[in-house]
Structures are given as C-alpha cells and as structure tokens.
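**Q** predicted model and sequence follow; I will ask about them next.
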Amino acid sequence: MEELSMQGFRQHDNCLTWELEHQTVQIEPWGRDSLRVRATMHPHIRDDLPQALLDPATPAAQIEIDAGRATIRNGAIAAEVALDTNRIRFFDPVTGAEILAEKPSRHGPPARYFRPVAGDHFKVEAHFRAYDDERLYGLGQHQHGRLDQKGCVVDLVQLNTESAIPFLVSSRGYGFLWNNPAVGRVELSRNASRWVAEATHQLDYWITVGATPVEILEHYADATGHPPMFPEWAAGFWQCKLRYSTQEELLAVVREHKNRGLPMSVIVADFFHWSLQGDWQFDLEKWPDPAAMVRELEERGIKLMVSIWPTVNPLSSSFREMQQRGLLIRTERGTPVLLTYLDNRPEGPVHLHFCDVTHPEARQYIWQRAREGYYRHGVKIWWLDVTEPEIHPADFDNLRYHLGHGLAVTNIYPLMYARAFFEGMRAEGEQDILLLCRAAWAGSQRYGAAVWTGDIDSTFEALQAQVRAGLNMALSGIPWWTTDIGGFYGGDPESSTFRELIVRWFQYGAFCPLFRLHGWREPALRHPVPLGGPNEIWSFGDEAYAIIKELLFMRERLKPYIMAQMRLAHERGIPPMRPLFFDFQDSGCVGVEDQFMFGPDLLVAPVLCQGMRSRRVYLPAGATWTDAWEDQTFDGGQWITADAPLERIPLYLRDGARLPIRAS
C-alpha cells in the first residue's frame, strides 16, 4: 500500500521509490545494516533477473520524505536522495559522516547513466565519488599482483586465471556488491569510481557497513549465502598432475605414496580420462574398473576427484539430444562452435559446444550423465574445469543463454555450473560437497565452490601474484581457495630453479585453505593429447623431497585447527586466510601484502623470491608473537628480519598460541 508520495518520492511498503525524468530508483533494506539500490528506464523494477542476493530477513526501514529530498535508514546505514542534485548519498545516521556518494556531474554523464543497446537492454554506468585515503579489496582473483585495487581498472568477465566477483571491501567501512552478471568493468581511479555493465535491464547494487571487515563479510555471507561445512577429508594433501593416463598409473602413484608412509587425502583424474567430451564417463579401455579403483582408494583413506568439462563433442552420445532440447549455448550469428580443442576422437582439433547450465533442464541433464558415468562407481568429488566458460574468440555479444543475452548474463555461468552438481549431490543425500572450480561469481560459495587460480606460470613472479589473488578472493566471500603448487606452465623437475620454487610454493600452499599439487611439468608432451612430466613429491630431488615430506605431515597435524577455521567460514563467512588488517586495527598492517593470517593464531610470511634466505616480517601491534621454529618472542608493532633457509617458512604464533608446527 502506498503510504506517502511527494515530488517524485514514494514510500511503498518497506521501499523508497524515486521517479525522475523517466527513471525509477528503488532503495530498500536488504539484510543487516544494508541497502539495495535498483534503477531502470523501463516502466517497472524487475525482480526476476539473474543476480546474487538471497531473500533476506527483512528489517523495517525508517523512511522520511520532505520537500525536495528523502531518506531511508536500515540500522547503521542511511541513504539520502535529493531532487536538486539527482544523486544518492550513503551516510552514518548517527554521526552524519559520508560513507559513499554518487558523483555529482553538472555537465558530464549523470551518476546513473543508461544508454540503449540491442533489444531492450541498456549499457549502464554508476559513478561514485573517489576518496584519497580509501583502500579497496576483493573483486575476485586477478593476476595484476595487487592487493589494494585502488587505481586499477578491472574487467568484469570470467577468464582462465581471472575470476570476476564484483564485491569490494572498503577501508571506509563498507562492502559494495555490483549485483549484476553482465560483462563490464570497474574503474577505481583517483577522481571517481565507475561501474559498467555492457548490457542489462536495470542497475542493481547492494551496500553494507560494518565496524570491522569481519562484520562486512558476515553481512555479505548472510546476503549471498554461507558455504557449507568444509569436509574433513578435504583438509589434507591433494595429489594431481597433468595427467594420469590410465587407472593403473594412478593407482601405482597411490601405492608408492603409501609405501613411503606419506599422507594423501585426494588424488585427481584430470582431463582425457573420458571417452569423449560430452559423454561424461570414463574411457573404459584405460580405466576398466572405476568402482574397484574407488574401493581401493577408499580403503587407503583417499578420495578420487574427476575432472568435468561442460564441453560437448558433436560425436558424443549426448550431443544430438542436447541440441534438440535446446540445452547448449547458442550463438546470435554463425555456427554455435565456442571452442576448438582436442579430444580422444577425432585425433586433432575438434569443434566443441557448451552445455547451457543457466537452463534448469541442462543442469539436470549434465548431473544425470555424471551420476551414471561416475557417481554410481563411487566418485563423489568433482573438479569443474573450464568453468568460465572458456570460449574462443571471447565474443560475449554473440552468445545466447537460456537466461538471456551473453553480454547480460555470462558472468553467472560458473555459479550455475556449481549449482548443477551441488543440487545433484544433495538430491542423492550427500552432505560433504566440495566442487573445485576455475571460476566463481558472487554467491558461488553457497554451492560448495572451492576456487583455484587456473593455468598460471611456474615462476616466482606468479607465486607473488597468487598471494595477493588469494587474499582478495578471501575478501570476495570465497573462503575455499588454492593454487597449483609449483604453477601450471613450465616447471622442469630437473631444474634447480624450479626445485627451489616448488619448495617455496609448497611452504605457501601448506597454509592455503586447500593444499593441492598440480601442474603440466616438463617434458610437456602430446600423445596426441596433452601429457605432462612427473609431478609427485619425490620428482624434484632428494633435498626438495625431504622438505616437502615434512610439510605434508605438518598439514596433517594442523587439521583440527584448520577445521575450526572452516567452521567459522561456514557459520559466519570468516575466511581462514586473510590480510593482516582483517584482524588488527594497526596502521602498520595496511601496506603489508605478502604476509597473511591463517586463522586468528598464526601469521604466515612466505618466501617469494629466488635465492632469498631471510625476509622482513611485520608483527602487528596489539599482540605478542612467538617464532614457531625458535620459540623466541617479540612484541608487536615492529618489523623484524626472519631467517628463512630453504627448509623454513617464517611463522609466528599469536599471544602464546600452541599449534603443532614442529613434530614433537
């Protein structure tokens, strides 16, 4: 029921609506201390568009309408809209301090800019003021090597190694979600911040406030979904390479691991274990008894993960049905071939199609095929690769999904891909669900998505970038995260440089949420499909093996601590791996981008440069810190120089915490 109307402002139920020059703006409470803003040039705000937010427990808003302006308050955040400026300003309702405001423009584009494009879509821009002292974190994972993304231009598009999650955490005490799966970009410049959607029906964003980053991420998890409880088996070591060619080769590696007394939680059957892309089943000539393989692994306490691609070979058993039922991504023009790659048949390049997982029937179809091809043999862990989806060329304007035009919806694809397998597993009664994905979008965490950084290079420079990427991913609401230990491309197990890199990467990886080895090692062969060199922990020489072996045992000892952090991620959205400023109100933490906290009690300072045997470490104020290797204690609020011989990663325990870093 309409309660009040004045000069274009209306209060309707719990919403403040503002109509001006054919544009409708709607502001409403959406969860604790949070507001959702939508705007359109169409006649009505739409509720049926693809987006990330869940329906909240709706608090009652306080709305006031006066001559020429209106305000809406939800807890610790309020918004003011004014006729004379035609802009929205968010502020603290107690102090009146500005949190974020649309940028005024007397002669340039308005704060909310709509330009018609194909069909009934608009190119939409939202312009906000920039603040000199502001730092901005999140946005998923990117390879630009920066933690603070102020000054960056970041494309909002899913690519291999680039995962676009349009959520930011600001040092000004707010979180901002661009609630739109359209292809676009965000420009975080010194004179303005600009969010761009290339094609969409309406502007949509969500803003929340919190006294600490913890509160902001708690609000975000409530708004977009909490991750399920992390399975205990996933906390150990994962063995993977490109690729095990046969069932017997994979089992031989497991047997050797166990003969050496080494722990292993998961082993992976990577791509081309299948018959054809789109069959979603083992090649029974090379993997003749999957059920027996799974049983042997289970008896040894090891889970099998299989690589699942959403690609469909026209020769596969599913292609004709999927084509006839409209379960494949279409193109607006030309042949609907989205990727040219290899498959087991024919030998050489093949033109591949993609399952349209934005279609509910396509999600059911791919799950049923995987259920028949894998789950019935006992496989319950899924590696959802090529999740972006990876298409060549990346002409998103030429895609047509069930949910809509490619420019408008393509970024939601990885969330829908994870949803297919999460809901399929839940329908089978499974609770321990983890999906390793190469991309994610806002809300992917609620479907059990664990994300890794894709096909990165095997270099120290790449390792440095992954530290920042992982911390930004944690601040994007994705607590389950990892990298290919050693990088993916170019590692030579016989190279002394790579052997040093693999040790340092293992030391870092032991304190990532997932501890996983993978890579296309030299010699990188094709027979005729890709086949990499050895990538087991004994593949890198005796010195590296001795160090890595101890890291595997340390990770086992830390499992109870890791699982305690994962429960916090499940219950409150708090990531186990986070920047120093997340836990400490210490200005000295602000510029520290190559250290992190692993839970509340352990500070990790990885060694990220070749030949480095010591490094500077900042110990945050407000705590005392004990060297986990030497038992020496330091006051916080200072820089120290830590010894870092090849066998040691600098680690510091907070306020007398006791963790089993060293073997007793």
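**A** In hand now; what should we look at?
**Q** only C-alpha atoms for contact and neighbour calcs from this point on.
**A** Noted.
**Q** show me the contacts for T459.
**A** Applying Cα atoms under 8 Å, 6 or more residues apart in numbering to T459 gives the contacts 486-487, 498, 501.
**Q** could you pull up the residues touching the spatially closest residue to G75 that is not a sequence neighbour?
**A** Counting by Cα to Cα, 6 or more residues apart in numbering, G75 lies nearest to D33, which is 4.8 Å off, once chain neighbours are set aside. For D33, the contacting residues are 74-77, 208-210, 219, taking Cα under 8 Å, 6+ apart as the criterion.
**Q** among the residues you listed, which are located in strands?
**A** Secondary structure assignment by DSSP state E places 74, 77, 208-209 of the contacts of D33 in strands.
**Q** so which residues of the stretch 101-250 of the chain form helices?
**A** Residue ranges of the helices in the stretch 101-250 of the chain, as given by DSSP state H, counting those that start in this stretch, are 213-224, 247-259.
**Q** same list (the ones you listed) but as JSON lines, adding mean pLDDT and distance to P93.
**A** JSON lines is the format used below for those (pLDDT from 0 to 100; distance: least, Cα to Cα, whole Å):
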{"stretch": "helix 213-224", "mean pLDDT": "98", "distance to P93": "17"}
{"stretch": "helix 247-259", "mean pLDDT": "98", "distance to P93": "60"}
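**Q** go through these and name the closest to V590.
**A** helix 213-224 (13.1 Å; Cα to Cα).
**Q** what helices or strands is that closest one leaning on?
**A** strand 174-178, strand 203-209, helix 559-572 (3 or more Cα pairs under 8 Å, 6 or more residues apart in numbering; DSSP states H and E).
**Q** can you give me the mean pLDDT across the second one?
**A** It refers to strand 203-209. On average, the pLDDT along strand 203-209 is 98.
**Q** check which helices and strands it sits against.
**A** For strand 203-209, where contacts count as 3+ Cα pairs under 8 Å, 6+ apart, the packed elements are strand 34-40, strand 122-128, strand 174-178, helix 213-224.
**Q** what are the contacting residues of the second one?
**A** In this case it means strand 122-128. Contacts made with strand 122-128 from outside it, assessed by Cα under 8 Å, 6+ apart, are listed as 100-103, 110-117, 192-203.
**Q** restricted to buried residues, select those residues in ChimeraX.
**A** Below is the selection syntax for ChimeraX that covers the buried ones among these, with 16 or more other Cα atoms under 10 Å defining burial:
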select :100,101,102,103,110,111,112,113,114,193,194,195,196,197,198,199,200,201,202,203
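**Q** okay, and which of the contacts of strand 122-128 map to strands?
**A** Members of the contacts of strand 122-128 lying in strands (criterion: DSSP E): 100-101, 112-116, 193-200, 203.
**Q** just to revisit the earlier point, would you list the helices and strands packed on helix 213-224 in CSV and tack on distance to L284?
**A** Output for the helices and strands packed on helix 213-224, formatted as CSV (distance: least, Cα to Cα, whole Å):
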stretch, distance to L284
strand 174-178, 46
strand 203-209, 49
helix 559-572, 36
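**Q** quick one on the thing from earlier: out of the helices of the stretch 101-250 of the chain, which one sits most buried?
**A** Burial of the helices of the stretch 101-250 of the chain is given as mean neighbour count (mean count of other Cα atoms under 10 Å); helix 213-224 ranks first at a mean of 23.
**Q** now find how far off-centre it is within its chain.
**A** On the basis of Cα atoms, centre = their mean, to the nearest Å, helix 213-224 is displaced by 15 Å from the centre of the chain it belongs to.
**Q** what do you get for stretch 351-368?
**A** A distance of 22 Å separates the centroid of the chain from that of stretch 351-368, by Cα atoms, centre = their mean.
**Q** ok, back up a step: got a PyMOL select line for the buried ones in the ones in strands among the contacts of D33?
**A** Below is the selection syntax for PyMOL that covers the buried ones among these, with 16+ other Cα under 10 Å defining burial:
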select buried, resi 74+77+208+209
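**Q** between the ones in strands among the contacts of D33, which sits nearest I433?
**A** Checking the ones in strands among the contacts of D33 against I433 with Cα to Cα, the nearest one is T208 at 29.3 Å.
**Q** looking at strand pairing, list the partners for that closest one.
**A** According to DSSP bridges, the partner residues bridging T208 are S34, G175.
**Q** between the ones in strands among the contacts of strand 122-128, which sits nearest A70?
**A** A70 has its nearest neighbour among the ones in strands among the contacts of strand 122-128 in A101, at 14.8 Å by Cα to Cα.
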